[in-house]
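# below are the sequence and a predicted model for it; my questions follow.
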Amino acid sequence: MPSLKGPGDAQQHDGSALRIGIVHARWNTTIIEPLLAGAQAKLLASGVKESNIIVQSVPGSWELPIAISKMYSASLVQNTTTSSLSAGDLLGSSTTDLTSLTTPPSSSSAPFDALIAIGVLIKGETMHFEYIADAVSSGLMRVQLDTGCPIIFGLLTVLSDEQAMARAGVGSGSHNHGEDWGLAAVELGVKRKEWA
Ligand code: DLZ
């Protein structure tokens with residue numbers, strides 16, 4: 001019997017004309033890595049060119065909204081000037097680790113069609129989880145509505161390591177939610193062009 005959860009039957013969308021940005025937190029790296037790989041795999045499988053997938057990292061999920069916001073506005077600057085300014089230049093070295101750029105520089109200077117924010121919050125003994133989950137969710141939604149750029153919500157908010165692994169495709173029978181986020185980015189990127 002098919003699962004009640006999930007986005008339903010996968011829609012096929014051609015991502016070959018899209019430029020997609022990913023910002024991921026480094027906190028809980030062992031869970032982040034398969035999620036990131038799953039998202040990248042589905043972007044590539046949908047036809048997004050490797051050179052049009054830009055990946056940056058930040059220390060933790062708290063930093064995702066500002067990094068996503070700056071990454072998007074930097075791509076607008078790139079598109080409207082002949083400057084060689086990179087998204088990382090605007091983000092500033094104090095908040096991002098540019099050495100973690102895991103893909104070659106983009107061949108395109110077009111604005112991003114969609115962005116994916118990836119983070120993993122695992123509940124601990126304090127209120128940290130609640131504050132960060134709430135603020136990051138609101139922050140990402142704000143950037144999405146303010147810019148009109150789809151921001152895919154790749155923030156796992158889980159109560160245990162086991163729940164995190166089950167959602168990152170780690171272990172038998174588990175499902176990698178990063179794959180769903182990659183497909184969602186392509187779908188929203190294509191639809192955004194249609195809505196324009
Ligand atoms: C501090 C903190 C804690 C306790 N837990 C997490 C977590 O589970 N997942 C995550 O992505 N980040 C966590 N952080 C780090 C914060 O997001 C942030 O990077 C720091 O507070 C610095 O602003």
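Yep, that arrived.
# tell me, how many neighbours does residue 188 end up with?
By other CB atoms under 10 Å, the residues close to residue 188 number 23. Glycine gets a C-beta too; all of them are placed from N, C-alpha and C.
# typo on my end, residue 159
Residues near residue 159, counting by other CB under 10 Å: 11.
# hmm, it is touching residue 123, no?
Yes: applying CB atoms under 8 Å as the test, residue 159 and residue 123 come out as touching, 4.9 Å apart.
# and residue 75, what is it in contact with?
19, 21, 87, 109-112 (CB atoms under 8 Å, 6 or more residues apart in numbering).
# of the residues you listed, just the buried ones, PyMOL syntax please.
Of the contacts of residue 75, the buried ones can be selected in PyMOL as follows, counting by 16 or more other CB atoms under 10 Å:
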select buried, resi 19+21+87+109+111+112
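# gap between residue 62 and residue 179?
Here residue 62 is placed at a distance of 25 Å from residue 179 (CB to CB, to the nearest Å).
# got it, and residue 27?
Residue 27 is 21 Å from residue 179, by CB to CB.
# one more: residue 114?
Applying CB to CB to residue 114 and residue 179 gives a distance of 15 Å.
# more crowded one of those two?
residue 114 (28 against 21).
# pretty sure that one contacts residue 191?
No: contact between residue 114 and residue 191 fails when scored by CB under 8 Å: they sit 9.4 Å apart.
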